[in-house]
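Visitor: Output the structure for:
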Amino acid sequence: MKPMQVIPAIDLRGGRCVRLRQGDYDRETVFGEDPAAMAGHWQQEGATRLHLVDLDGAKTGRPANVEVVRAILDRVGIPCQLGGGVRTRETLEAWLDAGLDRVIVGTQALKDPDWFAQMAERHPGRLVLGLDARDGRVATEGWLDVSTVEATELAGRFDGLPLAAVIYTDIARDGMLEGPNLEATEALASRLKTPVIASGGVGSLEDIQRLATLPVAGVIVGRALYDGRFRLSEARTCAGEEPKTP
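Guide: Residues are numbered from 1 along each chain as shown. Presented below is the predicted three-dimensional model:
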């Protein structure tokens, strides 16, 4: 079994660290007023990568929490990836220039596949396809709209590009701690050559263990870590990312 990377999520809204339930902006829980301090905490706990989401940017279509992200990048020395509001080449390249390791694109990949393909070729290994699905169909605009396009169809369309990864999120499970959509995740990961990162619904170490048996490269964990359901070190051990202590 290959090690699976466990990636803590830091969702940003109004400069604070929050989590939403099922992508609902009206169902928000604030977990911290200082996202940079939170990022430092996860690095200290052993994180090898952080997943940042500009929730305000995802909703408005343009970057919103820029200074907060810069503070995070100044604080930590591990790779960070960010999604939310990346709709133009200028925005994408500004984030890469700011020090992000990867930039995640979702809405614009569906709206303008040719543009996304061009950006992926221009920045090989730096772009991630954010595949957010509700009932198997791709959701866009910060999950506010659901398209008629099947998630597997969109992912397959881009599978030949030099992408860093595909992040698959089942919106119905995100923030609910009821377990990830193992069947859909496995189906997607088995079909693609591009590495797949699972997201949404992880609520226990058993969920991590189950995902580790699938052909996925990583898992993004949010609310379960913030709620203290398990420690990051425990999750990394279950994922084979951190050796068990004797």
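Visitor: How many residues are close by residue 90?
Guide: Residue 90 has 8 neighbours, counted by other Cβ atoms under 10 Å. In short, each C-beta sits where N, CA and C put it, glycine included.
Visitor: Quick check: which element contains it?
Guide: helix 89-98 (DSSP states H and E).
Visitor: Alpha carbons of that helix, as PDB, please.
Guide: Below are the C-alpha coordinates for helix 89-98, written out as PDB (Å, rounded to 0.1, in the frame of the first residue of the first chain):
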ATOM      1  CA  ARG A  89      -4.800  33.700 -15.900                       C
ATOM      2  CA  GLU A  90      -3.800  36.800 -13.900                       C
ATOM      3  CA  THR A  91      -5.300  35.500 -10.700                       C
ATOM      4  CA  LEU A  92      -3.800  32.000 -11.200                       C
ATOM      5  CA  GLU A  93      -0.300  33.300 -11.900                       C
ATOM      6  CA  ALA A  94      -0.500  35.900  -9.100                       C
ATOM      7  CA  TRP A  95      -1.100  33.100  -6.600                       C
ATOM      8  CA  LEU A  96       1.700  31.000  -8.000                       C
ATOM      9  CA  ASP A  97       4.000  34.100  -7.800                       C
ATOM     10  CA  ALA A  98       2.900  34.600  -4.200                       C
END
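Visitor: Give me the average confidence score over it.
Guide: For helix 89-98, mean pLDDT is 97.
Visitor: so the nearest residue to residue 215 once chain neighbours are set aside, which of the three states?
Guide: Distance criterion Cβ to Cβ, 6 or more residues apart in numbering; nearest residue to residue 215, sequence neighbours excluded, is residue 189 at 4.6 Å. Secondary structure, DSSP: H, G, I helix; E, B strand; the rest coil: residue 189 is helix.
Visitor: Report the separation between residue 189 and residue 103.
Guide: Distance check for residue 189 against residue 103: by Cβ to Cβ, to the nearest Å, it reads 22 Å.
Visitor: Same drill for those two, tell me which one is more crowded.
Guide: A direct count of neighbours by other Cβ under 10 Å for residue 189 and residue 103 places residue 103 higher, at 24 against 21.
Visitor: Contacts only, for the more buried one.
Guide: 81-83, 86, 92, 95-96, 123, 126-128 (Cβ atoms under 8 Å, 6 or more residues apart in numbering).
Visitor: Identify the farthest-apart pair in these.
Guide: 83 and 123 (14.7 Å; Cβ to Cβ).
Visitor: who's more crowded, those two?
Guide: Neighbours per residue (other Cβ under 10 Å) separate residue 83 from residue 123, with residue 83 holding more: 24 against 18.
Visitor: can you pull up the bridge partners for the more buried one?
Guide: residue 53, residue 104 (DSSP bridges).
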